[in-house]
Structures are given as C-alpha cells and as structure tokens.
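Undergrad: coords please:
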Amino acid sequence: MVFDVITIFPDFFRSILEHGLLKRAMVAGHVEVRLRDLRDFTNDRHRSVDDRPFGGGPGMVFKPEPIFRAVETLKAESRGANFPVILLSPQGRLLTQAVAEELARESRIVLISGRYEGVDERVAENLASDEVSIGEYVLSGGELAAAVVMEVVARLLPGVLGNEESCEQESFSSCGQSVGGRKHGMLDFPHYTRPADFRGLCVPEVLLSGDHEKIRQWRRKRALEKTWRRRPDLLQSIELNDEDRRILDQLQRAACEAPIQRD
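TA: A predicted model of the protein is given here:
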C-alpha cells in the first residue's frame, strides 16, 4: 500500500511515521508513505496555496490550482494506474471500519489534507474521487485525519499486525471470521491479563478455567451485552444465530424485570 499525502505541513507526520504501527509497517515493506508538500506545486514566488473566498466571509480557502497540479503529477507518475483520491473533509462520508476495509483493498491512496476555511469546491467536485470524515467535529486541518486513515487502513493489510486473530476480534471488525463463522461488527468483549487478583478486583473465573467452549460462550455473551447496551444500532447489521438471539432475549427480559428505583 502506498499513501501519498498532500499537505502544507509535511513535518507534522514525522513523529507519527517514526513510531508505532505505521513505522513497523513501513520497515517491513507493507506500507510506503510519500509526503507531498503542496507548496511545491505552486508557481508564484510566495508559494501561495490559499486566497480569500469569493462572496466574502472569514478565513482563507485552499486554491484549486496547486491541488490539481499535485494530483495530476501523481497520476502522471503512475502511468495511468487508477487509485482513489480522497479529500479529508467534514462533509465526507464517515470513516467506519467498513470504509477502512474498502480502502484496504486498494494498492495506492492519495490523501488531500485541507486547512483554513476549507478547499475550493472544484477539488471535491472535479478532482477527488471520495470525501472522508473521521468524525462529526471540525479540526484545524486534515493532517490528523490523514494520519487516522493511514493507521486504520494499514492495520488491515496482511502481515502488518502479525496476528490475524487480533484484527478479527476487535470492535467493529469484519476483516475476518468470528467464532462460528460469522462476521464480527459488534463491540469487543472485555479483556483481562495478569494478575488474576488486583486489589480484590478479580478476573472472571471462566477465563481461568481452561475450558475453551465456555470461554467462547462468555466472550460472545459479553460482546453482545456491551453492544446491546452501548451501540444497539450495530445489532441491525450483525448476523445472529440462535445462541445470540437467546442471549439478547435474556438481556431484554432482565432489563424489563429489573426493579425501578424511586426517589
């Protein structure tokens, strides 16, 4: 996977690429990150990338010319290869695990990091093939969003994590098959490690039992319970079997039978 990041702050990414998963993925040859300074694609002596918005209003807007030149240069380098050109934008589709898995099937992705008041709309309408948002909030620029996209996509590439199961069992994941042959897509089950007793807070006995089937059942139940309580909307897209439906039915009955606390 090759990530081409178009940005006016290439140094922003230095520490991100020198630590953690992205660094390991790069060292192992699974990922290549190419930082493209947008100012290198300007043609004035001030290397201007922004200007005042037509119609008035606060802030500055990224000009279309440098961004078009940058992407067209990348396309020329690729000799006709097709790849997604993603504008990081609050108006884009929300970055979900499903979107990350879609992008992980690509071999190259261009990420355009906006800044200031925004990017000339002609970039979104005529150059970018996609717009992606990492959340319903506003950042000062797209660099953080670009880093998030690279992280969530890179970790789905074969060999990057080094342990396929760790990917398959994470919250929201459908990158692999869960126990029972079904996709995940729900919140993760609780995790525990040593010591088994920490200040009187004990690990559930079932996890210490060595009984793999009981452990599987416990994990599935806790994952379903956590999803039902915190993100019930996710259950609409999960393939449930009879065991799952029994668990959810028990949770719902218990909630209905719980005593009402009065002041």
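Undergrad: give me the beta-bridge partners of residue 133?
TA: residue 94 (DSSP bridges).
Undergrad: hey, where'd the strands end up in this protein?
TA: 2-7, 32-37, 50-51, 61-62, 85-94, 108-113, 118-119, 130-133, 197-198, 201-202 (DSSP state E).
Undergrad: Give the burial count for residue 138, as a bare number.
TA: 7 (other C-beta atoms under 10 Å). Every residue, glycine included, has its C-beta placed from N, CA and C.
Undergrad: Now it: closest residue in space that isn't a chain neighbour?
TA: If the residues on either side of it in the chain are set aside, residue 138 comes closest to residue 90, at 5.7 Å by C-beta to C-beta, 6 or more residues apart in numbering.
Undergrad: The one you found and residue 45, how far apart?
TA: Between residue 90 and residue 45 the computed distance is 33 Å (C-beta to C-beta, to the nearest Å).
Undergrad: Distance of residue 134 relative to residue 4?
TA: From residue 134 across to residue 4, the span is 18 Å (C-beta to C-beta).
Undergrad: which of those two has more neighbours?
TA: Taking other C-beta under 10 Å, residue 134 and residue 4 do not tie; residue 4 has more neighbours (22 against 19).
Undergrad: quick one: contacts for the more buried one?
TA: With contact set as C-beta atoms under 8 Å, 6 or more residues apart in numbering, residue 4 has these partners: 34, 36, 74, 108, 109, 110, 111.
Undergrad: which residues sit in contact with the closest residue in space to the last one that isn't next to it in sequence?
TA: The reference is to residue 111. Using C-beta to C-beta, 6+ apart and skipping residues adjacent in sequence, the residue nearest residue 111 is residue 146, 4.4 Å away. Going by C-beta under 8 Å, 6+ apart, residue 146 touches 5, 7, 13, 88, 111, 113.
Undergrad: cool, and residue 92?
TA: 86, 130, 131, 132, 133.
Undergrad: quick one: which of the strands of the chain is nearest residue 239?
TA: Checking those against residue 239 by C-beta to C-beta gives strand 85-94 as the closest, at 22.3 Å.
Undergrad: residues of that closest one that come out buried?
TA: Neighbour counts over strand 85-94 (16 or more other C-beta atoms under 10 Å) mark 85, 86, 87, 88, 89, 90, 92 as buried.
Undergrad: and the contacts of residue 92 as CSV, adding distance to residue 160 and pLDDT?
TA: Formatted as CSV, the contacts of residue 92 follow (distance: C-beta to C-beta, whole Å; pLDDT from 0 to 100):
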residue, distance to residue 160, pLDDT
86, 20, 98
130, 22, 97
131, 26, 96
132, 20, 96
133, 24, 95
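Undergrad: Switch those residues over to JSON lines; also include distance to residue 212.
TA: Output for the contacts of residue 92, formatted as JSON lines (distance: C-beta to C-beta, whole Å):
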{"residue": "86", "distance to residue 212": "42"}
{"residue": "130", "distance to residue 212": "42"}
{"residue": "131", "distance to residue 212": "45"}
{"residue": "132", "distance to residue 212": "39"}
{"residue": "133", "distance to residue 212": "41"}
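Undergrad: lowest-pLDDT helix or strand in the chain?
TA: The weakest-scoring helix or strand in the chain, judged by mean pLDDT, DSSP states H and E, is helix 164-168 (a mean of 53).
Undergrad: of the contacts of residue 146, buried ones?
TA: Among the contacts of residue 146, those buried by neighbour count (16+ other C-beta under 10 Å) are 5, 7, 13, 88, 111, 113.
Undergrad: got those as TSV, with distance to residue 225 and pLDDT columns?
TA: Conversion of the buried ones among the contacts of residue 146 to TSV gives the following (distance: C-beta to C-beta, whole Å; pLDDT from 0 to 100):
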residue	distance to residue 225	pLDDT
5	40	98
7	42	98
13	39	97
88	35	97
111	37	98
113	39	97
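Undergrad: Give me the buried stretch members for stretch 53-63, please.
TA: Residues of stretch 53-63 classed as buried by neighbour count (16+ other C-beta under 10 Å): 61, 62, 63.
Undergrad: which outside residues touch it?
TA: 48-52, 114-120, 123.
Undergrad: And the residues you listed, which is closest to residue 150?
TA: residue 114 (16.2 Å).
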